[in-house]
Each structure stands twice: as C-alpha cells, then as structure tokens.
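S.K.: sequence first, predicted model second:
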Amino acid sequence: MKRQFGFTILEFIIATFIFAVVAAGAAIFATYYFQSYSLSFDEHQAVNQAQLGLTTMIREIREARTGDDGAWPIAQADDNQFIFYSDVTNDGRSDRVRYYLSGTNLQKGIIEPTQVPVSYPPENEKNSTIASGVDISLGPLFIYYNGSWPSDTINNPLPANQRQLSTRFVTINLRINIASGSASRIQPFQLTSGVQIRSLKDNL
C-alpha cells in the first residue's frame, strides 16, 4: 500500500479552529491579567498618595491656630471642605489652608498672609492634589465633634451651624475607589483617622 503524508483539508480546518480557540483564550487571559495588574498598580499608587496626604492633614489640623489677621482657627467646616489656619509653610506665620473635594480629587489650597495690613487674598491660593479616586458615596469626608466627645453622643457629630466655633476633634474619612464599571473587582480602600485641635482643647 502507498503511504500518505500531510493533512487532509478537514484535518487542517480542525487544527486551525483549535489553534484559533487557544489563541483567543490566551489573548483574553493576557488582557485580563494586564488590566488587573494595571488597576492594582493604580490603586497602590492612589492609596500611597492618600496615606501620605492623610498624615500631612492630621499634622496641619492638629496645629491649627488663630489667623494672622485675628481670625478664628476654623474658617469653614463643611462635609467635604475644611478651611483653617495653620503654619504649613514653616515660616512662623499662619497660612489659610483649604482641603476640599473637586470631583474625585482631594485638593489642598494654601494662601499665605500678606504683610500689614494682613489679609489672605483668594487669588493667591496655591492648589495641589492630595488624593485621587476619593469616594464619598458612603459618607462625608470630614466629621466634626465638640470637646465632650466621645462621652457626649447626643450632641455629636456636630450639626453644620455649630461646627465653626464648637469643633475640637475632626475625623477624616478617605475612601479610595479607582474602580468603575467592569473594574468593580477592585475593592475600595478605607483610610480613617481623627485629630484633636491643640489650640482649642478645652477638656483638660
């Protein structure tokens, strides 16, 4: 008998189909892997940035003090914006510091005081991004408490109309969530810390 070598057309079609299926599966796996790696890396970067920003915020809020123009240490205390005076430029003068949410970015604005007569011109504010991917869907960024906290759970957290003058303790909740849509497999990362304002401490 004469021996035959090579593929028949049917065998070639089947082999091509199997190769296409394997190649498609490998491509899908590679795409998923690289997307997951990219998201994990982005989340890691965002969390590190937020941790550094939170540490800075705690230090600056703790050292809040009267403005060089005689203003009360706390200028404004909203759910997602906190304005206070503190020497964040280390020049011995009180700067006007504003932490606020812009979209999903936590921003920081600094206004240095002018010379006499002292003022804080809004147009002189210098802004930078402290954290990105901030998610406030589960609660506000800032929560405020009076000097009787935590024993006083009836009057705390403080309502909006009492925050500026009564706040002695501030809790900061940074929930970092860089995922959306199909990327929901990346879980949000919660950073929470509290700080007492030294210059306003009245519970000795």
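M.R.: Nice, thanks for sending it over. Numbers count the residues shown, from 1 in each chain.
S.K.: can you give me the helices in this protein?
M.R.: 9-62, 163-166 (DSSP state H).
S.K.: show me the strands in the chain, by range?
M.R.: 74-77, 81-86, 95-102, 105-111, 126-131, 142-145, 169-176, 189-196 (DSSP state E).
S.K.: just to revisit the earlier point, tell me, which of the helices of the chain is the model least confident about?
M.R.: Comparing mean pLDDT across the helices of the chain, the lowest value falls on helix 9-62: a mean of 75.
S.K.: just how off-centre is stretch 193-204 within its chain?
M.R.: A distance of 23 Å separates the centroid of the chain from that of stretch 193-204, by CA atoms, centre = their mean, to the nearest Å.
S.K.: that stretch: which residues count as buried?
M.R.: Using 16 or more other CB atoms under 10 Å as the test for burial, stretch 193-204 gives 195, 197, 200. Where you see a C-beta, it was placed from the backbone N, CA and C, and this is true even at glycine.
S.K.: list phi and psi for the residue lying closest to the second one once chain neighbours are set aside.
M.R.: Closest residue to Ile197 in three dimensions, ignoring its sequence neighbours and counting by CB to CB, 6 or more residues apart in numbering: Ala64, at 5.0 Å. For Ala64, the backbone dihedrals (degrees, to the nearest 10) come out as phi -60, psi 140.
S.K.: list the contacts of Ala64.
M.R.: With contact set as CB atoms under 8 Å, 6 or more residues apart in numbering, Ala64 has these partners: 73-74, 84-86, 197-200.
S.K.: could I get these in a markdown table, plus columns for distance to Ser137?
M.R.: As requested, these are arranged in a markdown table below (distance: CB to CB, whole Å):
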| residue | distance to Ser137 |
| --- | --- |
| Pro73 | 30 |
| Ile74 | 26 |
| Phe84 | 26 |
| Tyr85 | 31 |
| Ser86 | 29 |
| Ile197 | 28 |
| Arg198 | 33 |
| Ser199 | 33 |
| Leu200 | 31 |
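S.K.: and the residue nearest to Ile197, how far from Asn124?
M.R.: Separation of Ala64 from Asn124 (CB to CB, to the nearest Å) stands at 20 Å.
S.K.: do the same with Arg175
M.R.: 31 Å.
S.K.: compare neighbour counts for those two and give me the winner.
M.R.: Arg175 (18 against 14; other CB atoms under 10 Å).
S.K.: am I right that the more buried one is in contact with Leu191?
M.R.: Yes: Arg175 is in contact with Leu191 according to CB atoms under 8 Å; the separation is 7.5 Å.
S.K.: low-confidence regions, this protein specifically.
M.R.: Regions of the chain meeting the criterion pLDDT under 70 cover residues 1-7, 11-12, 26-27, 29-43, 179-186, 203-204.
S.K.: that's all I had, so thanks and see you.
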